[in-house]
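Asks: let me see the structure of the following:
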Amino acid sequence: MKQKRRPHISEEKITEASWKLLSSEGIEQFTMRSLATELHIQAPTIYWYFKNKQILFQALANEVAREIIRDLPETGDWRERLVLSIQVIRQKLKKFPCSAQILIKSRPESDYLQLFECLLQMIEPTQLSDKQKFSYVSHVFNFVIHYAIDEYEQRLLHLTLEDEGSSEINLSQFSLIERMHDAQLFNLVGSDEMFESGLSLLLDGIEQRVIDSLRGTI
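Replies: Okay, the predicted model is just below:
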């Protein structure tokens with residue numbers, strides 16, 4: 001009895017096509033059938049390598065985690081390293097379309113756990129408790145992930161509103177919102193400036209806890 005041979009394709013080609021499809025169609029429209037069309041193959045061919053979409057997403061999440069780990073800083077104090085690490089994470093999330101959503105949807109495996117371990121090691125030299133270290137690193141990491149997701153959703157909303165040709169909302173009854181809208185502050189939503197502001201707020205809070213721990217006030 002002849003043994004079945006795998007079709008002439010590779011995991012690398014499948015993952016490359018997955019990123020391309022995510023960029024053009026978004027995660028909502030991503031299916032194994034549309035991926036097969038992108039690769040010019042039959043859908044069952046993909047199942048030789050990935051039994052389902054969740055396992056494929058897991059492979060994509062692991063790839064992103066490895067890419068991030070590779071570029072993490074190795075020198076500097078805890079705050080400097082965290083700031084640089086967050087910049088790396090954000091750059092990688094922009095490089096790989098919908099990767100923030102994929103990380104959220106995927107089960108933590110060795111690559112993801114190694115990434116989190118690297119971030120924890122940066123804050124390990126402080127006098128914070130393990131509970132604080134775990135919580136604060138989680139807060140910072142989740143901030144970056146969810147900011148990327150919010151940017152994605154804002155782009156979709158903007159495109160939807162453009163297509164529908166929605167009219168302006170009357171803000172006259174909301175004096176503070178109207179004042180800020182007139183000052184074009186709503187343009188900050190999803191911007192680098194707002195990201196940096198939120199990040200600074202988080203890191204300033206952590207730094208104060210580090211100072212308090214050295215003084216023995218917590």
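
Asks: every contact and neighbour count from this point should use C-alpha atoms.
Replies: Will do.

Asks: any idea how far F50 lies from A183?
Replies: In this structure, F50 and A183 are 50 Å apart, going by CA to CA, to the nearest Å.

Asks: higher neighbour count, these two?
Replies: Between F50 and A183, F50 has the larger neighbour count (other CA atoms under 10 Å), namely 18 against 10.

Asks: that one in helix, strand or coil?
Replies: Local secondary structure at F50 is given as coil here, using DSSP: H, G, I helix; E, B strand; the rest coil.

Asks: and it, its phi and psi?
Replies: Comment: the main-chain dihedrals of F50 come out as phi -130, psi 120, following degrees, to the nearest 10.

Asks: can you pull the contacts of it?
Replies: Contact criterion CA atoms under 8 Å, 6 or more residues apart in numbering gives L56 as the residues in contact with F50.

Asks: look up how far H8 lies from it.
Replies: F50 sits at a distance of 15 Å from H8 (criterion: CA to CA).

Asks: just D204 next, same as before
Replies: D204 sits 53 Å away from H8 when distances are taken as CA to CA.

Asks: for V189, same thing?
Replies: If you measure V189 against H8 using CA to CA, the figure is 46 Å.

Asks: now do the helices in the chain.
Replies: Here the chain has its helices, by DSSP state H, at 11-25, 32-39, 43-46, 53-70, 78-95, 99-105, 110-123, 130-164, 175-182, 192-215.

Asks: from the centroid of the chain, which residue is nearest?
Replies: Among the residues of the chain, A100 comes closest to the average C-alpha position under CA atoms, centre = their mean, at 2.8 Å.

Asks: so which bits of the helix or strand bottoming out on mean pLDDT in the chain are buried?
Replies: The helix or strand of the chain with the lowest confidence, counting by mean pLDDT, DSSP states H and E, is helix 130-164 at a mean of 87. Of the residues in helix 130-164, 133-134, 136-137, 140-141, 143-145, 147-149, 152 count as buried by neighbour count, 16 or more other CA atoms under 10 Å.

Asks: okay, now the unreliable bits of the chain?
Replies: Scanning the chain for pLDDT under 70 picks out 1-7, 159-167, 217-218.

Asks: swap in 80 and give it another go.
Replies: Low-confidence segments of the chain (pLDDT under 80): 1-8, 155-168, 216-218.

Asks: ok, now which ones touch L199?
Replies: Contact criterion CA under 8 Å, 6+ apart gives 140, 143 as the residues in contact with L199.
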